[in-house]
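[1] task: produce atomic coordinates for the following.
(one chain, ligands or ions: 1)
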Amino acid sequence: MEIWLEKKDCTGCGACKNVCPKGAIEMVQGDDGFKYPSINQNKCINCGLCKKTCPILGKAILDRLDTPLAFAGWSKDENTRFTSTSGGIFTELTKPIINKNGYVVGASYNEENLVEHKIANNFLELDNLKQSKYLQSDTKNIYQDTKKLLDNDKTVAFCGSPCQIAALYKFLKKDYPNLLTIEFICRGMNSPKAFKAWMSEIENRKRKKIKKVWFKYKENGWKTSPKRTRVDFSDGTYQIYDDYKNTYMVGYLESNLYTRKCCSSCKFNTMPREADITLADFWGITKTLDDDKGTSLILVNSNKGLDYFEDIKENIFWQKRDINEIYKGNSCFTTPVKTNENSDKFLRELNDKNFSYLVKKYSKKTFFQRQKDKIKYYLKNVVKRN
Ligand SMILES: Cc1cc2nc3c(=O)[nH]c(=O)nc-3n(C[C@H](O)[C@H](O)[C@H](O)COP(=O)(O)OP(=O)(O)OC[C@H]3O[C@@H](n4cnc5c(N)ncnc54)[C@H](O)[C@@H]3O)c2cc1C
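    The predicted structure follows:
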């Protein structure tokens, strides 16, 4: 077998690696820091399963509601809500599964502070899956491991990006009654190479090791949280990187400098959605449902998703909303982001140049716009304080 996709179209979901009966496919890191499949021709028996399983070449057929049901909501548990990215609905949906000795699959930091998919079977492990990590997660053998649990009649909730959910269904070849899938509206996956370079810059400047990165730190509110990241260090201290000083989120949200190429032509941000439930920030929600602590958008796409949602209703605040409200606040629901045309250069130059310098160099904002951001930041944070 030869690889059937151009690199720019591959999502790196890893379904092909998982399905190969001979272990002939490895996901290998490219110069851009993303992983791509590589076939060992000595092991390959040309069965074609890899190509057949690729979600880019066709999605699984799933039983989905004609019109998904939209809700706004948040966890009634203040701590869950504060420590989650939006309204904490992921944790509320999966807590009952852990309580009944089921399993939850999601993205967790590993020992290098990069992200990979892991399986949680207790609350401590579930806590590690919580929160958005804005870089691509390594799926390793997660579809195989999930299938083993499902075939053993375990209840599993699998959470991932829309392309990872599509990959799971293609790998499984069917839906399982004991499987709940949860996806999020996805703005695009960032290169682990960029994330690593940003972390190294901080570690070198601070002369201490990073223990954890907490994106969208909601200390000063949810609406301004996208550019507020809390970095915890191994000596017990932490630093908040905010606004224009948060160069990692600036490079992502303002310039799409290190989003994977395939995200520009995402095939999975369409209706009907693949997952049973889609979660997101309910940007643009009416003021009466926005106390700036985080409001989730909950989109129920299947009857199974509805059953799970009904079960958690007493633990959350919720309100039914018109599905059309989603479109105005969350363009990534249907429209892919456009990866920056200088992305390759940026990621190549990272080999010997400073991360924040390169973000400035390739920023879509002009020098004057950046100066304006600095003045605004100063007025907000320094003048207000005095
Ligand atoms: C890369 C990325 C882009 C996003 N883009 C948008 C957007 O444009 N608009 C929007 O409204 N919402 C977006 N979200 C979703 C949003 O940030 C919240 O994750 C979502 O609203 C659920 O929030 P929560 O409070 O219920 O749960 P949280 O506790 O925040 O749950 C997050 C869940 O996502 C999983 N997850 C986290 N990081 C990754 C990752 N890198 N890869 C795969 N799975 C992961 C976790 O395992 C967990 O299950 C994005 C999330 C990510 C990870």
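
[2] smallest gap between the protein and the ligand, at which residue?
    Gly106 (2.6 Å; CB to the nearest ligand atom). For every residue, glycine as well, the C-beta is placed using N, CA and C.

[3] let me know the helix or strand that that residue is in.
    Secondary structure from DSSP states H and E places Gly106 in strand 103-109.

[4] strands paired with that strand, and their directions?
    The strands beside strand 103-109 in its sheet (DSSP bridges) come out as strand 115-120 (antiparallel), strand 156-160 (parallel).

[5] ranking those strands by burial, who's on top?
    Ranked by mean neighbour count under mean count of other CB atoms under 10 Å, the strands paired with strand 103-109 are led by strand 156-160, which reaches a mean of 25.

[6] looking at strand pairing, list the partners for Lys212.
    Bridge pairing for Lys212 (DSSP bridges) gives the partners Asp232.

[7] get me the contact residues on this protein for the ligand.
    Counting by CB under 6 Å from any ligand atom, the chain comes close to the ligand at 84-91, 106-107, 115, 129-135, 137, 159-161, 184-187, 189, 279-281, 296, 330, 332.

[8] what are the boundaries of the helices in the stretch 51-200 of the chain?
    All helices of the stretch 51-200 of the chain, identified by DSSP state H, counting those that start in this stretch, fall at 78-82, 89-99, 123-129, 142-151, 162-172, 192-206.

[9] which helices and strands sit right next to the fourth one?
    Using 3 or more CB pairs under 8 Å, 6 or more residues apart in numbering; DSSP states H and E as the contact criterion, the secondary-structure elements in contact with helix 142-151 are helix 15-19, strand 103-109, strand 115-120, strand 156-160, helix 162-172.

[10] redo the ones you listed as a markdown table? Include distance to Gly251.
    Supplementary listing: the helices and strands packed on helix 142-151 in a markdown table, determined by distance: least, CB to CB, whole Å:
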| stretch | distance to Gly251 |
| --- | --- |
| helix 15-19 | 29 |
| strand 103-109 | 20 |
| strand 115-120 | 17 |
| strand 156-160 | 23 |
| helix 162-172 | 22 |
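
[11] dump those into JSON lines; add mean pLDDT as well.
    Listed next are those as JSON lines, based on pLDDT from 0 to 100:
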{"stretch": "helix 15-19", "mean pLDDT": "98"}
{"stretch": "strand 103-109", "mean pLDDT": "98"}
{"stretch": "strand 115-120", "mean pLDDT": "98"}
{"stretch": "strand 156-160", "mean pLDDT": "98"}
{"stretch": "helix 162-172", "mean pLDDT": "98"}
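
[12] ok, which of the ones you listed comes nearest Ile240?
    Of all the helices and strands packed on helix 142-151, the one in closest proximity to Ile240, counting by CB to CB, is strand 103-109 (18.3 Å).

[13] what does that closest one rub up against?
    Contacts with strand 103-109, where a contact means CB atoms under 8 Å, 6 or more residues apart in numbering, come from 90, 94, 97-98, 115-121, 125-126, 128-129, 133, 137, 142, 145-146, 149, 154-160, 212-213.

[14] just want the angle from it to helix 142-151.
    160 degrees (axes from the mean of the first three to the mean of the last three CA atoms, to 10 degrees).

[15] so Lys294 sits right up against Gly221, yeah?
    Heads up, residue 294 is Gly, not Lys. No. Using CB atoms under 8 Å, Gly294 is not in contact with Gly221; the gap is 9.1 Å.

[16] out of these two, which sits in the more crowded spot?
    Taking neighbours as other CB atoms under 10 Å, Gly294 and Gly221 compare with Gly294 leading, 24 against 13.

[17] residues contacting Ile61?
    With CB under 8 Å, 6+ apart, Ile61 has no contacts at all.

[18] and it, backbone torsions?
    The phi and psi torsions at Ile61 (degrees, to the nearest 10) take the values phi -100, psi 120.

[19] now do it against Lys338, distance only.
    According to CB to CB, to the nearest Å, Ile61 stands 30 Å off from Lys338.

[20] go on, Phe309?
    In terms of CB to CB, Phe309 sits 33 Å off from Lys338.

[21] which one of the two has more residues nearby?
    Phe309 (21 against 12).

[22] need the helices for the stretch 201-350 of the chain, in chain order.
    For the stretch 201-350 of the chain, the helices defined by DSSP H, counting those that start in this stretch occupy 247-253, 303-312, 324-329, 343-349.

[23] burial measure for Lys51, as a count.
    Counted by other CB under 10 Å, the residues lying close to Lys51 total 16.

[24] repeat for the one 4 residues further on
    Here the number of neighbours of Pro55 (other CB under 10 Å) works out to 24.

[25] show the pLDDT at it.
    With respect to pLDDT, Pro55 has a value of 98.

[26] so it makes contact with Ser161?
    No. Using CB under 8 Å, Pro55 is not in contact with Ser161; the gap is 11.3 Å.

[27] shared neighbours of these two, anything?
    Residues touching both Pro55 and Ser161 by CB under 8 Å, 6+ apart: Phe268.
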